[in-house]
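K.L.:
need coordinates for the below:
(one chain, ligands or ions: 2)
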Amino acid sequence: MKQFTSIHDVENVEALIEKALFFKQNPIHSYLGERKVLGMVFFNPSLRTRMSTQKAAYNLGMDVIALNAGADGWAIETKDGVIMDGDKPEHINEAVQIMSSYCDLLAVRTFAGLQNRLADYSEAILTKFIQLSKVPILSLESATLHPLQSLTDMMTIRELDIKKPKVVLTWAPHPKALPQAVPNSFLQWVTKSDAEVVVTHPEGYELDIQFSQDCKIEYDQNKALEGADIVYAKNWSSYSAYGHILSTDRSWTVTKEKMALTNNASFMHCLPLRRNMIATDEVVNDSVVINQAGNRVWAAQAVLNELLNYEKENQNINEQGRFAYR
Ligand SMILES: NCCC[C@H](NC(=O)CCC(=O)O)C(=O)O
Ligand SMILES: NC(=O)OP(=O)(O)O
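P.N.:
Ligands and ions are numbered 1, 2, ... in the order given. Reported below is the predicted structural model:
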């Protein structure tokens, strides 16, 4: 695998899930990463992605450099052709080339701005990283996708060992406008599995058809939850009225009563989760979210291992002593 920015970068999804499950049982198995550096650049906050990916890198023998752009690093201008007389002293055109010259793999977190759908869905910043980096790029959640989370989710669902599970992705209320990256990405992965997938949300929250086309859409949340084996809750802002909050209807909060409609379903969420908005305390306390978040380490380790493997197999070192991967 020469980069990891979506499911489309993965040649064998099944093998990657198996690899993640393998690393959970055998954390210290490969030292493929010895004397290699993972750079992680964050344009947005993170708890799980940052710590789990760092841990995964350590398990493979890698060293890690993490930078919070604009906090412990210079604020980075990401647009071309602007007069840089504002508060961003560094331009992405230099920054990515330089950061990638210090690292063997470069990872980036860059959320949707939710102002301009075209810009977000063109993945402008992630694309800049891919174009400018000398080394393979790994997404730590981009404007429209969160593949490390989705791989983790598939691994977590696999552990539940349910044949043809009914998986319900439900919208839930939230006080802030959030990106569509997690639900988009989840649908991209889960629809490739043997699951029956139902998406439920208020009208106006339809996701981009490219992600939802293989799912059933059910506007009645209670009806959707009937017989569910897995309930995956998430808030997202509107895709059609781009970035807007159309509803904060608390009747969509996942409660114990709603979970009673299911087939004793496991409750999943990527976290962070606003309790008693997305789901009640009881539902969260009785869920698989801690195991799910724990699995982030093994998913990241599987991905890093594949990227390092690709590098090793293509040992045509360039004149800088680095692997020329493009
Ligand atoms: N990385 C997992 C989710 C990240 C982000 N959530 C958030 O920004 C939550 C912020 C808050 O609750 O205020 C999202 O939905 O894409
Ligand atoms: N689920 C997830 O990506 O968590 P963080 O935002 O804390 O990394």
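
K.L.:
what's the end-to-end length of stretch 186-203?
P.N.:
20 Å (Cα to Cα, to the nearest Å).

K.L.:
and for stretch 73-92?
P.N.:
End-to-end for stretch 73-92, by Cα to Cα: 12 Å.

K.L.:
pull out the buried positions in that stretch.
P.N.:
76-78, 88, 90-92 (16 or more other Cβ atoms under 10 Å). To be clear about C-beta, it is placed using only N, CA and C from the backbone, and glycine gets the same treatment.

K.L.:
run through who's touching it.
P.N.:
41, 43, 67, 69-70, 93, 95, 124-125, 128, 132 (Cβ atoms under 8 Å, 6 or more residues apart in numbering).

K.L.:
next: stretch 174-185.
P.N.:
Under Cβ under 8 Å, 6+ apart, the answer for stretch 174-185 is 6-7, 111-112, 114, 120, 141-147, 149-150, 169, 171, 199, 207-208, 211, 234-237, 239, 243-245, 248, 270, 274, 277-278.

K.L.:
hang on, the earlier thing: from the buried residues of stretch 73-92, which ones fall inside strands?
P.N.:
76-77, 90-91 (DSSP state E).

K.L.:
just put the residues you listed in a markdown table and tack on distance to Ala20.
P.N.:
Listed next are these as a markdown table, based on distance: Cβ to Cβ, whole Å:
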| residue | distance to Ala20 |
| --- | --- |
| Ile76 | 31 |
| Glu77 | 36 |
| Glu90 | 35 |
| His91 | 36 |
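
K.L.:
of the contacts of stretch 73-92, just the buried ones, ChimeraX syntax please.
P.N.:
If you want just the buried ones from these in ChimeraX, going by 16+ other Cβ under 10 Å, the selection is:
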select :41,43,67,69,95,124,125,128,132
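
K.L.:
what residues does this protein have near ligand 2?
P.N.:
With Cβ under 6 Å from any ligand atom as the criterion, the chain comes near ligand 2 at residues 46-49, 141, 149, 270-272.

K.L.:
just the buried ones from those?
P.N.:
The buried subset of those - by 16+ other Cβ under 10 Å - is 46, 48-49, 141, 149, 270.

K.L.:
and the contacts of stretch 174-185, which are buried?
P.N.:
6-7, 111-112, 114, 120, 141-147, 149-150, 169, 171, 199, 207-208, 211, 234-237, 239, 243, 245, 270, 277-278.

K.L.:
in the stretch 151-300 of the chain, what residue comes closest to ligand 2?
P.N.:
Cys270 (3.9 Å; Cβ to the nearest ligand atom).

K.L.:
that residue and Glu226: what is the separation?
P.N.:
24 Å (Cβ to Cβ, to the nearest Å).

K.L.:
again, but for Thr110
P.N.:
Taking Cβ to Cβ, one finds Thr110 at 38 Å from Glu226.

K.L.:
which of these two has more neighbours?
P.N.:
Thr110 (24 against 14; other Cβ atoms under 10 Å).

K.L.:
ramachandran angles for the more buried one?
P.N.:
Torsion angles at Thr110 (phi, psi; degrees, to the nearest 10) stand at phi -150, psi 100.
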